[in-house]
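Participant: missing the sequence, but the structure's below:
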């Protein structure tokens with residue numbers, strides 16, 4: 001009796017992922033679903049992962065990841081990444097005063113590489129690409145989501161896709 005050969009494509013992907021040959025990052029969203037679906041949001045800003053997302057990675061976008069109503073929104077290819085820190089004014093929590101600045105870093109390590117503060121226009125453009133009206137709206141949302149990361153010492157990764 002001969003053994004039948006069985007090919008499982010999912011197992012092949014998982015095996016190559018485990019060997020570091022490719023990555024399969026999932027990104028979950030809880031806001032701005034309409035902008036994700038109509039294609040006007042092609043960027044996300046996330047706290048830096050242990051293994052940062054790289055250009056060329058296939059990204060799996062989900063609505064309400066790890067919840068009962070989880071739904072796959074699509075698969076995209078990462079075409080750009082860079083790192084930022086966000087600095088808030090000390091009185092922000094009580095007054096809602098705006099962020100001081102957004103710095104763009106060339107490295108995922110805080111004290112390595114070049115750092116450049118984004119102009120107001122660049123910060124607004126960054127916010128719009130992420131689905132917000134301007135840097136102030138982005139700043140309020142980020143403070144709400146990452147209050148402890150408001151000191152300018154937490155690295156975020158900007159992830160863009162096609």
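Facilitator: Ah, there it is. Treat the numbers as computed from the prediction; the structure is a model and nothing was measured.
Participant: how far away is residue 88 from residue 132?
Facilitator: With distances defined as Cβ to Cβ, to the nearest Å, the gap from residue 88 to residue 132 amounts to 16 Å. C-betas here are computed from N, CA, C, even on glycine.
Participant: which residue ranges form the helices in this structure?
Facilitator: Along the chain, counting by DSSP state H, helices occupy 9-18, 33-38, 92-95, 120-129, 135-145.
Participant: max-length strand in this protein?
Facilitator: Ordering each strand of the chain by length in residues (DSSP state E) puts strand 71-88 first.
Participant: roughly how far is that strand from the heart of the chain?
Facilitator: On the basis of Cα atoms, centre = their mean, to the nearest Å, the separation between the geometric centre of strand 71-88 and that of its chain is 3 Å.
Participant: count of neighbours near residue 148?
Facilitator: Residue 148 sits with 6 neighbouring residues when counted by other Cβ atoms under 10 Å.
Participant: contacting residues around it?
Facilitator: By Cβ atoms under 8 Å, 6 or more residues apart in numbering, the residues touching residue 148 are residue 154.
Participant: same question, residue 132
Facilitator: Taking Cβ under 8 Å, 6+ apart as the criterion, residue 132 is in contact with 138, 141.
Participant: That one and residue 111: what is the separation?
Facilitator: Using Cβ to Cβ, residue 132 is found at 29 Å from residue 111.
Participant: What of residue 45?
Facilitator: If you measure residue 45 against residue 111 using Cβ to Cβ, the figure is 21 Å.
Participant: Which one's more surrounded, those two?
Facilitator: The neighbour count for residue 45 versus residue 111, taken as other Cβ under 10 Å, is higher for residue 45 (20 against 7).
Participant: one step back: in the longest strand of the chain, which residues are buried?
Facilitator: Applying a neighbour-count criterion of 16 or more other Cβ atoms under 10 Å, the buried positions in strand 71-88 are 76, 78, 81, 83, 84, 85, 86, 87, 88.
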